[in-house]
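Colleague: pasting the sequence and the predicted coordinates here, then a few questions.
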Amino acid sequence: MSSQSPSSSETEITPENAGPRPRRLTYAAALAALEGLALLVGGVWILVLGLTGDSADRTQGVTGGVTLIALSLLPLLAARGLLGRRSWSRGPALITQIMALPVAYTLLQADSAAIPAGIALAIAAVASLVLLVNAETTRALGIRGPGNAPQQDEPK
């Protein structure tokens, strides 16, 4: 058994967030991971097309692919943090969902096969937002609302 204290990135298990991980938190993590994987696969696909395609489109393909790969890190890290019940992970997960809504709207405006992708993305983003702001999820992550933070002179 180690005598080291937990790092600041670890969430302490308190009576509020002790016990098994709520299913809502697991579902939110799964949706974030799915979105991250979709971004990663899309980024690799665009990168490969850019590298193997016409030289006029090479720069745009490489830039777009690398950008999507980099953007995939946010939801993937958030999903990992949610599964580990880290309180910091809710912020990146919420940001990912908020950023997904305008993308879904843009896909819905297309007259192509992108419409089903827009519908799926909108449903996933709204479902994730609902799961992430749920009181059970908030408690499991040890997040306290305004006015519920411990006073500085109170023992922790």
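Modeller: Received it, and whenever you're ready, just let me know what you need. Numbering: from 1, shown residues only.

Colleague: quick check: chain neighbours aside, which residue is closest to I46?
Modeller: In space, and not counting its chain neighbours, I46 is closest to G65: 4.0 Å by C-beta to C-beta, 6 or more residues apart in numbering. Where you see a C-beta, it was placed from the backbone N, CA and C, and this is true even at glycine.

Colleague: what strand or helix carries the closest residue to L71 other than its chain neighbours?
Modeller: In space, and not counting its chain neighbours, L71 is closest to L39: 5.5 Å by C-beta to C-beta, 6+ apart. If you go by DSSP states H and E, L39 is part of helix 23-52.

Colleague: for L25, see how far away L132 is.
Modeller: With the distance defined as C-beta to C-beta, to the nearest Å, L132 ends up 9 Å from L25.

Colleague: tell me the contacts of the residue nearest to I46?
Modeller: Residues in contact with G65 (C-beta atoms under 8 Å, 6 or more residues apart in numbering) are 43-50.

Colleague: wait, which of those residues is closest to T138?
Modeller: Distance ranking of those against T138, using C-beta to C-beta, places G43 first at 31.5 Å.

Colleague: quick one: the helices in this structure?
Modeller: Along the chain, the segments classed as helices by DSSP state H run 23-52, 55-83, 90-108, 114-133, 135-140.

Colleague: what mean pLDDT does the fourth one have?
Modeller: Confidence over helix 114-133 (mean pLDDT, whole number) is 94.

Colleague: now it, how far from the chain's geometric center?
Modeller: 12 Å (C-alpha atoms, centre = their mean, to the nearest Å).

Colleague: if you count neighbours, what's buried in that helix?
Modeller: Buried residues in helix 114-133, counting neighbours by 16 or more other C-beta atoms under 10 Å, are found at 117-118, 121-122, 124-125, 128-129, 131-132.

Colleague: what's the answer for the second one, then?
Modeller: By neighbour count, and taking 16+ other C-beta under 10 Å as the criterion, the buried residues in helix 55-83 are 61-62, 64-65, 68-69, 71-72, 74-79, 81-83.
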